[in-house]
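J.: sharing a sequence plus its predicted fold:
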Amino acid sequence: MIIVTGSAIAREGADAQMQAVSLEHVLRSRTEPGCISHEVSRDVEQPNRFVFVERWADMAALQMHFRVEASRQFAKSLAQLSDGKLEMTVYQADATT
């Protein structure tokens, strides 16, 4: 399984728009093949910071997600709405019970 974590801080006055585009992206991404889960939350200590957590079946599914035009447009929108400090980390993980 692939786990992706990321965050973006909305520039002043852009948090409502960032929330809207983030939610749209999450809901669309959940329908993609190989998406196990895809979520966005707001940091309770820093409300203009949006935190993303995604789980994908494998790297091929994640790479396909990155090639979707709507995902590319989301990344551009997020960059425009943020303070410029976008973060993303990709992990390879095995689930245990």
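T.: Cool, got the structure.

J.: partners of the helix or strand containing Ile9, with directions?
T.: Using DSSP states H and E, Ile9 maps to strand 2-9. Here strand 2-9 is paired, per DSSP bridges, with strand 49-56 (antiparallel), strand 87-92 (antiparallel).

J.: buried set for it?
T.: 2-4, 6-9 (16 or more other Cβ atoms under 10 Å). (Each C-beta comes from the backbone N, C-alpha and C, glycine too.)

J.: which pair of these spans the longest distance?
T.: Taking Cβ to Cβ as the measure, these span a maximum distance of 24.3 Å, between Ile2 and Ile9.

J.: pLDDT weak spots in this protein?
T.: For the chain, no stretch is flagged by pLDDT under 70.

J.: what's the single longest helix in it?
T.: helix 15-29 (DSSP state H).

J.: now it: buried residues?
T.: Neighbour-count burial for helix 15-29 flags 15, 18-19, 21-22, 25-26, 28-29 (criterion: 16+ other Cβ under 10 Å).

J.: likewise stretch 31-49?
T.: Within stretch 31-49, the residues scored as buried using 16+ other Cβ under 10 Å are 32, 34-35, 38, 40, 42, 48-49.

J.: dump those into a markdown table; add distance to Asp94 and secondary structure as well.
T.: Shown next, in a markdown table, are the buried residues of stretch 31-49 (distance: Cβ to Cβ, whole Å; DSSP: H, G, I helix; E, B strand; the rest coil):
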| residue | distance to Asp94 | secondary structure |
| --- | --- | --- |
| Glu32 | 22 | coil |
| Gly34 | 16 | coil |
| Cys35 | 18 | strand |
| His38 | 20 | strand |
| Val40 | 25 | strand |
| Arg42 | 30 | strand |
| Asn48 | 34 | coil |
| Arg49 | 29 | strand |
